[in-house]
Each structure stands twice: as C-alpha cells, then as structure tokens.
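Asker: Sequence below, structure please.
(chains A and B)
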Amino acid sequence: MATNTVPGPRVGQPTSLAGKAAFEVDDRLIVAGPVRRTLNKVFPDHWSFLLGEIALYSFIVLLLSGTYLTFFYDASMKEVVYDGTYAPLRGIEMSAAYESTLNISFDVRGGLLMRQMHHWAALLFVASIVVHLLRIFFTGAFRRPRETNWFIGITLLVLAMLEGFAGYTLPDDLLSGGGLRIFSAVFLSIPVIGTWVYFTVFGGDFPGEVIIGRLYILHVLIIPAILLALIALHLLILVKQKHTQFPGAGRTEHNVVGNRLFPTFAAKATGLLFIVFGLCAGLGGLVQINPIWLLGPYNPAQVTAGSQPDWYIGFVDGGARIFPPWEIVLWGYHIPPVFWGALGLPGLMFGALAIYPVLERVLTKDTASHHLLQRPRDVPVRTSLGAMAITAYVVLWISGGNDLIADKFDLSLNAMIWFGRIGFLLLPPIAYWATYRICIGLERHDREVLEHGIETGVIRRLPSGEFIEVHQPLGPVDAHGHGELAYGGASVPKKMNQVGGARRAIRGFFTPIEEPAEVQRQAEVEARGLESEQASRELTGSGRPSEGGRPSEGGRPSEGGRPQDPRD
Amino acid sequence: MSTPNASSVAPPEGGRRGLFRRRPAAGTPAAAARDRRRSKQHRRLANVAGLMAALVLTGVGYSALAPGASAADDSTGNPSNAVEAGRELYTRSCITCHGDNLQGVEGRGPSLIGVGEAAVYFQVHTGRMPLVRQEAQAPERPPIFSEEEIEQLMAYIQENGGGPTLPSGDLRAGDLAEGGELFRLNCAQCHNFAGKGGALSSGKRAPSLEEANDMVIYSAMLSGPENMPVFGDNQLTPEEKRSIINYVQTLKAQHDPGGASIGRVGPVAEGLVIWVVGIGALLFGIFWMGTKA
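Answerer: Numbering: from 1, shown residues only, chains lettered A, B, ... in the order given. The predicted model follows:
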C-alpha cells in the first residue's frame, strides 16, 4: 500500500480490524451514508406490519426449494415407460415430466421434502399476500400516496396465483391434467378470440406436446423474474414513502415511531424468517401434500373425484360450479356459462380491487396524503364493503370444495350448489349490514367513553336514593362533567386496568418472566412520575415533507433535535 | 314335548272304531243325537290329533334335517336346506320391499330376479340391507345377519332369481400397475384417486373403499349396487377385477411417505391446513413478536 497517498492517522480513524475493513470498503464505494440511513430506518412495531414479510420470506423459501427441484425436473411431454422405485406404477406409460417428478419424490435425496416444502410455501405465499392485503385494505393504508404500491400488490397477487397454477400443472399428474383441461375450457369460452387464444397457448389439440415446456419457462423464469422485480419495486416504494403507522401518542403524519432496522428490527425480521422457514420445513416434512404417485399420470380419458385446484384458485372453481347453466347470446356471439364463473368473476374481483383506491378517493373527495392508519370501525362503509367481499369470496370458496363438504358432512351436493347460489347473493348484504352496525356501535362506545369516562364498576347511592355508577374521565372535564378529549383515531382505553387502575399484568407470553415484587416496585417508581418505559422508544423525524413541501425540522433527540439534511 | 303327546292322543282313534261297532244297535233318536254329538267331538279330537302329529313330524324332520349350531359347517354342503333357511330369512326381513316372488314392490324395492348371490353378498354383508329407511342411498353399517345367514340368503336368491355368483380363489391375483390404470379409468372419477369416495348428485355418493374387503369390492363390480354401473365379465375380465382389487388394497395398506395423509382427498384439505395451521401459527408467531416490542 502506498502510504503517501493516504493521509496519516487522524481522529476518527478506525482501529479495529472490522472497522479498518469497513473503512477500506467505504473508501472505494462510498456507501457509509446510504447504509447508515438504511440501518437507521424506523419500522413500526405493530404485529400486523409483519404480514407482508411472511409473504417475502415464503417467496425466499420458494426460490431456494424451487431451484433445487429444477436440477432434477424434466419439462418434457415425451412418452416414457416408468421403471422406477414405486411399484404400483411400474410399466405404465407416462410423460417424462411425471416420471421425473416421481423420481424427485422417491429417488432424489431430499427430493420429496423439497417438493413438499415448495408446495406448502406456495400455499403460504399466496395466503400471506391475502392476509397482508386485508390489513392494508381495512386500515386504509392504500390511500394517497400509496395507490401505486397497492396496485403493485394486486399485480403481485394475480401473478402469484398464475405462478402457482403453472407449478400445479408441471408434475403432469391426474390432478394437474384435470386443472389444465379446465383451463383450456376457460380459454375456449372467451368470446370471439377463445379458439385463437387456445391454439396459441396449447399449440394444437389438447393436451398437445408443448404446454408443459411453456408453463415451465413461465414458472421458473418469466413470472418469478417479474415477481422479483415487482417485490423489489414494492419495497423500494415502501422505503421511499416510509411506513404508515397507527395513530397514538407521539405519532403524527410526519414521523414514524418504532424500532430502527438495526439492531432491533433486524433481529425480529431474522427471527420471523426462521419461523417461516421452520414452518415450511415442518409442514414439508410432516404433512403430505399433492401425493402425485397416488394420483397417477395424466390421461385425458381419466379424472378423479374431488378434483380441486389449490386453495387460491378455489374461488374460481366455485364460481364455475354455482353459475347457472345459462347459455347467453350477446351480439350474435354465444357466451358459455363457464366464462362468467371462471373469467368474469375473478376479473370483476381483481378489477374492483385494483381501482378501489381511486374509487374511494373520488367518492369521498379525500385527496390528501395519509400516513396515519385508520381503525376499521372509523370507516364503516369501507369496512363493511370489505366484509361483504370476504363473505362473497368465502361462499365461492366453499362452493369450490362443495363436493367434498357434501361427502364428508353427509349433505346433498345439490343442496350445496343452491347454498352457493343463494348464499352468494344473500349473505354479502347481510354481512355488510352486520359489519356496519358493529362499526357504528364500536364508534359510539368510543365516543361515550371519551365523553363520560370509563365505567369503574363502583356503584354509589346518592342521598336522594338514586344509584349511579362512578365513571373515570380520561382527561379534563367541562362544567357538566363531560370529557373534553377529542377522538384521535387511536384505541380508547375502556377498562380501569388500561389507565393504571390496577397493577399491570406480569409479563411473559408462555410463562411469567418477571417477579411480581419487582413489578410492584416498578409501579411505585412510575407512580412517583419517573418514566421507565417510554425512554427506550425512539421518536424519529422521517424527513417526510411537511406543510409546503419543506423537509421536517425535527431531528432525533440524540442529535439534540438539530435539523437534518433531507434524506431522500 | 311332542312325542309323548302324540302317543297319548293315538288310543282314542282305536276306541272310536270300537264305539262305532258297538253303538249302531241303540237306534233311539236321543242315542242317535248323542252319537252325532259324540262323533263330532271325536272328529274334532281326531283333527287336533292329526294336526299335532303333522306338527310333530315336521318338527322332528326339521330338527333332524335343518342345520343346528353343531351342524353349521354342513349348511353349504346341503344347498336345498340353505335355500329353505334362506327363504325363512327372506320372508322375515326382505319380503316387504322385494315381494313374495322376488319381483320387487313398486315404490319400495327393486326386483331381485337376476341379481344373483353377488348382489346379496354386497348388500347384506356391508349392512346396507335390510334397509333402515328409504333415502337417497343405503348407508353402510355393521351387518344384521351372520355370515351363515348371509350364505343362506345368497343360496335362496341364487336358487330363485339366478345371476352372477361369487368368485373363488385369490381375489388379488392380478397385475398391480394394470389394476392402477384400470382403477383410474373406471373407478377414480367417483371413488377418488385413493378410493376415499366422493359425492354424487342429490345426496347420493360413491362410498369410501376404506372398509371394503376383497369380496365386497368384487361383488360390487359384479352387481353394480345403487348408482354404480355393473362391471360384468365382458367389461372387466375376472383377472382385471382381481388387478383392481390388488391395487386398491395395496394403496390402502401403503404408508404415506410424505407424512400425515390429511385424508388423501386432495387440495381442499391442504388449503385447510395452510390456513388453520400455517397462517394460524404465523399469526400467533408475529403476535408474540409484537408483544416483545
């Protein structure tokens, strides 16, 4: 090293080995600034903010296990005669794709575990996306400025479903072949262009010889690449726009309260990563999924009872099952019923989801930027619409598995279909009404507690003989004894324990992790006015533009509240 | 009880002939009337005695010929007795719905002419018959009749109606892989890929093959019970039937290499597991992490 090009030791020069190495790296890449900003990013600590991360981590499981499976899978529809380990299929003609999947299951070391982990992780991936979506929807996190990220999220969900369907088809077993057959029928049902779409996709009569190869390249390259790019974009936009947060003490539209990425949040995220990995591995090792050897190779002349898609396509199947057999002719074009159930319904659902933020913005004329979340009860119409949509979805979902439900619960399949038809029309409005009433009731109770205070359970008899319950006001009261606190969108304490009416509960999720005596001592310290809890929390300026588009003036307490440079 | 009774009744018959020889001399109307009365009484007595004797003879004959508990093994060796016993059982338990000549009763039960012992074996052995009540489909339950009684019923129906008979030999003597192919082609669309059963229209269903033994499966194929089509020997040769049975029973005995089978019913159970176990566990996990914040 040419010592004369580097200035001599000066104050702040690293002395440890790691510090020196980091210094060298930064000297070349100049990353200290961005890395510090990233490590200092603040994440809200509410549990529901981890739902999207479950999706992210199951996607990582999918990438890793899927890569392993590609080493052994042969995406070919070439006819072969099986002569492998599994005796009940020996001597049967099958496609090379099915044979290689059998070999993965029985002959490749760890193959069956990987296959099952991959499949369970796929189910988990879509499920966690849906739960994440519901959280975003019901708390209004999709509002301006986050419509773009909402739209990317919906696209991710649709792509994840397509990706799952392609993967479901690849083993070329009896179940996946049945699914492919339905898919081909759905293509054919598209008015005007159906036949052309079908022949473009399948390249000949069903099933042809190209479809597995095409779905394979879609499944391992094209859709994962788009998914990866969109996930990256999703996260970049999230970092740029900062997190939303629930309203609460010290939380405003211009800050984010929570833990920094490093070390607290990084530890939590790593923990969750391992929980998701562990769950996928546990399910993959302990619970059998898609036993293709029992199903047998696909043969268009065969089908099995209870042919169902994976859960996320189930509602499409349900729609196709309950749609009445109406042969509708529009403008001289015949539209088969399967079109409405299998394409119309999902199209309507995802269309409504995609434009919902715009719809709500236009209808409520609320065009302001929002960074504080809403409690579902405070937006009864949206919450009720969501409940209505979930109800309709669940009816379709149940209808997708109605034959199994009929069989296992000794019901008539016809009755199940009529339940689906009537339930799809009748239950969502009921759900809307019920949810709306519940929201209004909860809202009113919040207001009531703010106005009159918490019910203490203490009954007092007045000299006049009247009995009253003593209420504990939450804040200052006016001349009439009514609370003057306004509702701030945050949870309102409704029990005396929540405002210090009793000693706080002993901590510990599974077993107590602290001594009651110590808690008592702490409570006494707190009673003397010494804050012990909030000191460890950090209140951080996000640098988000405030009024007039000027950067926030708020610095971190540790920096003495000095104004900071704009970060982004 | 009958034998001493019969001997005690017998002497008056001889005495009656003696009385007739002695009395004609009396001649008076009163005597004649008494004679008529007495002869009427005697005839009555004689009729009773004759009936008793016939009953005794039948009873003795039955106890000698019909299979007792000790003679159970002989019942198959003596078809006509099994048929008789079968008729008894039929008259007691089946005749209401299937008619006194196996012709069936409109609105109650079908004709049993031509169904053969295979159908009897399947329906009675699986407890579907005698029917509990008229509904979409007879449910499976523990059999009412003993093995021996089922054989008697089979003999009776076979004797009077004719039809397919039960096979003998090793019912699993067939090719496993071919059985699988035939099962997927002919059976899986109703009974599911692993024989777990499935729903049919209007409350009818294809039952699970979990409890079915070889003979039950074979006789079901032969007789086509309820909604099941008949797979006669022209549709599936006896060898092919044995292959299918071999496949079904092999699958049932087979371990699930992937872990818990969750019913072998496909993606619906898998979806249930991921939502209840997967999402449930993770929500619990992140909620736990949330409390640690």
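
Asker: tell me the secondary structure for the spatially most central residue of chain B?
Answerer: The residue lying closest to the centre of chain B (C-alpha atoms, centre = their mean) is B:Val124, at 2.7 Å. Recorded secondary structure, B:Val124: helix (DSSP: H, G, I helix; E, B strand; the rest coil).

Asker: Quick check: residues of the stretch 51-200 of chain A near chain B?
Answerer: For the stretch 51-200 of chain A, the residues in contact with chain B (C-beta under 8 Å from any C-beta of the partner chain) are A:51, A:54, A:87-92, A:105-106, A:112, A:116, A:119-120, A:123-124, A:127-128, A:131, A:174-175. For glycine as for every other residue, the C-beta is placed from the backbone atoms N, C-alpha and C.

Asker: and A:Met77, what element?
Answerer: For A:Met77, there is no host helix or strand (DSSP states H and E).

Asker: ok, it touching A:Ser95?
Answerer: Yes - taking C-beta atoms under 8 Å as the definition, A:Met77 is a contact partner of A:Ser95 at 4.7 Å.

Asker: Would you mind checking the average pLDDT for stretch A:88-104?
Answerer: Stretch A:88-104 comes out with an average pLDDT of 95.

Asker: Tell me the buried residues in it?
Answerer: A:88-89, A:92, A:94-104 (16 or more other C-beta atoms under 10 Å in any protein chain shown).

Asker: Could you tell me the model confidence score at the closest residue in space to A:Arg375 that isn't next to it in sequence?
Answerer: Closest residue to A:Arg375 apart from its sequence neighbours, by C-beta to C-beta, 6 or more residues apart in numbering or on different chains: A:Gly489 at 6.5 Å. pLDDT, A:Gly489: 90.

Asker: again, but for the one 4 residues further on
Answerer: The score at A:Pro493 is 90. That number is its pLDDT.

Asker: try the one 10 residues further on
Answerer: Here, the pLDDT recorded for A:Arg503 equals 71.

Asker: Next, it: phi, psi?
Answerer: With angles defined as degrees, to the nearest 10, A:Arg503 sits at phi -60, psi 140.

Asker: Quick check: it touching A:Arg521?
Answerer: No - A:Arg503 is beyond contact range of A:Arg521, at 10.8 Å (criterion: C-beta under 8 Å).

Asker: quick one, domains of chain B?
Answerer: B:79-161, B:176-255 (automatic domain parsing).

Asker: ok, how many other residues are close to the residue in the stretch 51-200 of chain B positioned nearest to chain A?
Answerer: Across the stretch 51-200 of chain B, no residue is closer to chain A than B:Gly198, which sits at 2.9 Å (C-beta to the nearest C-beta). By other C-beta atoms under 10 Å in any protein chain shown, the residues close to B:Gly198 number 24.

Asker: right, and A:Arg496 touches A:Val458 too?
Answerer: That one is not Arg; residue A:496 is Met. No - taking contacts as C-beta under 8 Å, A:Met496 lies outside contact range of A:Val458: 9.5 Å.

Asker: neighbour-wise, which of the two wins?
Answerer: Taking other C-beta under 10 Å, A:Met496 and A:Val458 do not tie; A:Met496 has more neighbours (15 against 11).

Asker: which among the residues of the stretch 51-200 of chain A next to chain B end up buried?
Answerer: Using 16+ other C-beta under 10 Å, the buried ones in these are A:51, A:54, A:88-89, A:92, A:105, A:112, A:116, A:119-120, A:123-124, A:127-128, A:131, A:174-175.

Asker: Closest to the centroid, which residue in chain A?
Answerer: A:His132 (2.4 Å).

Asker: these two touch, right, that residue and A:Leu50?
Answerer: No - using C-beta under 8 Å, A:His132 is not in contact with A:Leu50, being 9.3 Å away.

Asker: Where does the prediction get shaky in chain A?
Answerer: Applying pLDDT under 70 to chain A picks out residues A:1-12, A:529-568.

Asker: Equivalent analysis for chain B, please.
Answerer: B:1-40, B:59-79, B:292-293.

Asker: Quick one: the strands in it, in order.
Answerer: B:198-199, B:205-206 (DSSP state E).

Asker: And the first one, what does it pack against?
Answerer: With contacts defined as 3 or more C-beta pairs under 8 Å, 6 or more residues apart in numbering or on different chains; DSSP states H and E, the packing partners of strand B:198-199 are helix A:402-408, strand B:205-206.

Asker: Centre of the chain to that strand, how far?
Answerer: Centre-to-centre, strand B:198-199 and its host chain are 25 Å apart (C-alpha atoms, centre = their mean, to the nearest Å).

Asker: do the last one as well
Answerer: Taking the mean C-alpha point of strand B:205-206 and that of its whole chain, the gap between them comes to 20 Å (C-alpha atoms, centre = their mean).

Asker: name the helices or strands packed onto that strand?
Answerer: Checked by 3+ C-beta pairs under 8 Å, 6+ apart, strand B:205-206 has strand B:198-199 packed alongside it.

Asker: Residues touching the strand it packs on, excluding its own?
Answerer: The contact list for strand B:198-199, computed with C-beta atoms under 8 Å, 6 or more residues apart in numbering or on different chains, reads A:305-306, A:402-404, A:406-407, A:413, B:190-192, B:205-206.

Asker: ok, now with 7 Å
Answerer: Contacts with strand B:198-199, where a contact means C-beta atoms under 7 Å, 6 or more residues apart in numbering or on different chains, come from A:305-306, A:403, A:406-407, A:413, B:190-192, B:205-206.

Asker: distance of the closest residue to B:Asp256 other than its chain neighbours from B:Met129?
Answerer: Leaving aside its chain neighbours, B:Asp256 sits nearest to A:Gln288 (4.9 Å; criterion: C-beta to C-beta, 6+ apart). Taking C-beta to C-beta, to the nearest Å as the measure, A:Gln288 and B:Met129 are separated by 37 Å.

Asker: What residue in the stretch 1-150 of chain A comes nearest to chain B?
Answerer: Closest point on the stretch 1-150 of chain A to chain B, by C-beta to the nearest C-beta, is A:Trp47, at 3.0 Å.

Asker: wouldn't that residue be in contact with B:Trp288 here?
Answerer: No - look at A:Trp47 against B:Trp288 with C-beta atoms under 7 Å: they stay out of range, at 8.3 Å.

Asker: Which members of the residues of the stretch 51-200 of chain A next to chain B occur in strands, if any?
Answerer: Per DSSP E, those never map to strands.

Asker: Take those residues and keep only those in helices.
Answerer: Among those, the ones falling in helices (DSSP state H) are A:51, A:54, A:105-106, A:112, A:116, A:119-120, A:123-124, A:127-128, A:131, A:174-175.

Asker: ok, these vs A:Gln374, which is closest?
Answerer: Checking those against A:Gln374 with C-beta to C-beta, the nearest one is A:Leu51 at 17.1 Å.

Asker: Let me know whether the closest one touches A:Val130 as I believe.
Answerer: No - counting by C-beta under 7 Å, A:Leu51 stays clear of A:Val130, with 9.6 Å between them.

Asker: that older thread, if you compare the domains of chain B, which one is most tucked away?
Answerer: domain B:176-255 (a mean of 20; mean count of other C-beta atoms under 10 Å in any protein chain shown).

Asker: how long is that domain from one end to the other?
Answerer: 16 Å (C-alpha to C-alpha, to the nearest Å).

Asker: Which parts of the stretch 1-150 of chain B are helices?
Answerer: Secondary structure of the stretch 1-150 of chain B (DSSP state H, counting those that start in this stretch): helices at B:2-22, B:29-65, B:79-93, B:95-98, B:116-125, B:147-161.

Asker: Kindly export the third one (C-alpha atoms) in PDB.
Answerer: Included here for helix B:79-93 are C-alpha records, laid out as PDB according to Å, rounded to 0.1, in the frame of the first residue of the first chain:
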ATOM      1  CA  PRO B  79     -78.000 -76.500  -0.700                       C
ATOM      2  CA  SER B  80     -81.600 -77.200  -0.500                       C
ATOM      3  CA  ASN B  81     -81.600 -76.700   3.300                       C
ATOM      4  CA  ALA B  82     -79.700 -73.500   2.900                       C
ATOM      5  CA  VAL B  83     -82.300 -72.400   0.400                       C
ATOM      6  CA  GLU B  84     -85.100 -73.300   2.800                       C
ATOM      7  CA  ALA B  85     -83.400 -71.400   5.600                       C
ATOM      8  CA  GLY B  86     -82.800 -68.500   3.200                       C
ATOM      9  CA  ARG B  87     -86.500 -68.500   2.400                       C
ATOM     10  CA  GLU B  88     -87.200 -68.100   6.100                       C
ATOM     11  CA  LEU B  89     -84.900 -65.200   6.400                       C
ATOM     12  CA  TYR B  90     -86.200 -63.700   3.200                       C
ATOM     13  CA  THR B  91     -89.800 -64.000   4.400                       C
ATOM     14  CA  ARG B  92     -88.900 -62.400   7.700                       C
ATOM     15  CA  SER B  93     -86.700 -59.500   6.600                       C
END
